[in-house]
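Q: no FASTA, just this:
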């Protein structure tokens, strides 16, 4: 029974036998341990080295001979408590990972203006004053498409009315177009960067949406709290380095 319990606690079969025999024998050499456990001398030495590394066995040298002793069994209980303490430290992160895996992760493709409009209506219906809406702005679309400018302007006006944390990062090359299109919209914060960032990328709560305008607007929406949190961190890192 003692062997089984020690094995359940991570001891190998030989480690359990050697440790228990040492507790019975007291300070001793390898010979008596081998005789009591019926394990080869070479295997005894290997096992003792492992138990010494774990702090469960000590030795002294007398007349050039090693004498081994088992540490008080209470040390095993202390080791278990230490492992429990360490595990408790990572438990919250492990639970978060488990929660992420249980949440549905869905990818949806929207094609055409009507589909894009329907997607945005769904988003606007789902957000509130505690939500965030972070976007890496288009570049050429602001210059080439008045429809895109108007559509996005109306979206941000509605976000402002709801009180969403609305932030936009744009390339410095379209600073004037962005300023003109979004001037006067409350709650909307805008910053500019010289970096070539992924354009047409939005992070909204647990959603990540990548879309292109073009002749036939197309968007790919990923619903995943885990992916969205990674993109949110990426956005905020760039935000901190950008200028108003």
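A: Okay, I see it. Just so we're clear, the structure is a prediction, and the values are computed from it rather than from any experiment. Numbering: from 1, shown residues only.
Q: make it CA atoms for all contacts and neighbour counts henceforth
A: OK.
Q: State the pLDDT value of the residue nearest to the spatial centre of the chain.
A: Per Cα atoms, centre = their mean, the C-alpha nearest to the average position across the chain is that of residue 97, at 6.9 Å. The model reports residue 97 with a pLDDT of 72.
Q: buried ones in the one helix or strand it maps to?
A: Here residue 97 sits within helix 74-102, counting by DSSP states H and E. Judged by neighbour count (16 or more other Cα atoms under 10 Å), helix 74-102 contains these buried residues: residue 76.
Q: Check which helices and strands the helix or strand just after that helix is in contact with.
A: The helix or strand immediately downstream of helix 74-102 is strand 106-111, counting by DSSP H and E. Packing contacts for strand 106-111, counted by 3 or more Cα pairs under 8 Å, 6 or more residues apart in numbering; DSSP states H and E, involve strand 218-223.
Q: So for the strand it packs on, mean pLDDT?
A: Here the average pLDDT along strand 218-223 is 90.
Q: That strand versus strand 106-111: what angle between them?
A: Angle between the axes of strand 218-223 and strand 106-111 is 160 degrees (criterion: axes from the mean of the first three to the mean of the last three Cα atoms, to 10 degrees).
Q: ok, strand 218-223: who's next to it in the sheet?
A: Strand 218-223 sits in its sheet next to strand 106-111 (antiparallel), strand 207-212 (antiparallel), going by DSSP bridges.
Q: Within its sheet, name the partner strands of the helix or strand residue 58 falls within and how each one runs.
A: Taking DSSP H and E as the criterion, residue 58 maps to strand 57-62. Strand 57-62 sits in its sheet next to strand 65-70 (antiparallel), going by DSSP bridges.
Q: Give me the distance from stretch 62-69 to the chain's centre.
A: 50 Å (Cα atoms, centre = their mean, to the nearest Å).
Q: and if you look at stretch 37-44?
A: Offset of stretch 37-44 from its chain centre (Cα atoms, centre = their mean): 46 Å.
Q: Residue 216 in helix, strand or coil?
A: Residue 216 falls in the coil class when you classify it by DSSP: H, G, I helix; E, B strand; the rest coil.
Q: Which of the strands paired with strand 218-223 sits closest to residue 18?
A: strand 106-111 (54.6 Å; Cα to Cα).
Q: Now for residue 61: which residues touch it?
A: Counting by Cα atoms under 8 Å, 6 or more residues apart in numbering, residue 61 touches residue 67.
Q: right, I mislabeled it, should have said residue 44
A: Counting by Cα under 8 Å, 6+ apart, the residues that residue 44 touches are 18, 30, 33, 34.
Q: What is the neighbour count of the first one?
A: Pointing back at residue 18 there. Neighbours of residue 18 under the rule other Cα atoms under 10 Å: 25.
Q: swap in the third one?
A: Residue 33 sits with 23 neighbouring residues when counted by other Cα under 10 Å.
Q: What's the per-residue pLDDT of it here?
A: Residue 33 is given a pLDDT of 91.
Q: Checking residue 44 next. Helix, strand or coil?
A: Per three-state DSSP, residue 44 ends up helix.
Q: Domains in this structure, by residue range?
A: With domains defined by automatic domain parsing, the chain comprises 2-74, 102-241.
Q: could these be laid out in JSON lines, adding distance to residue 88?
A: Putting those into JSON lines (distance: least, Cα to Cα, whole Å) gives the following:
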{"stretch": "domain 2-74", "distance to residue 88": "18"}
{"stretch": "domain 102-241", "distance to residue 88": "21"}
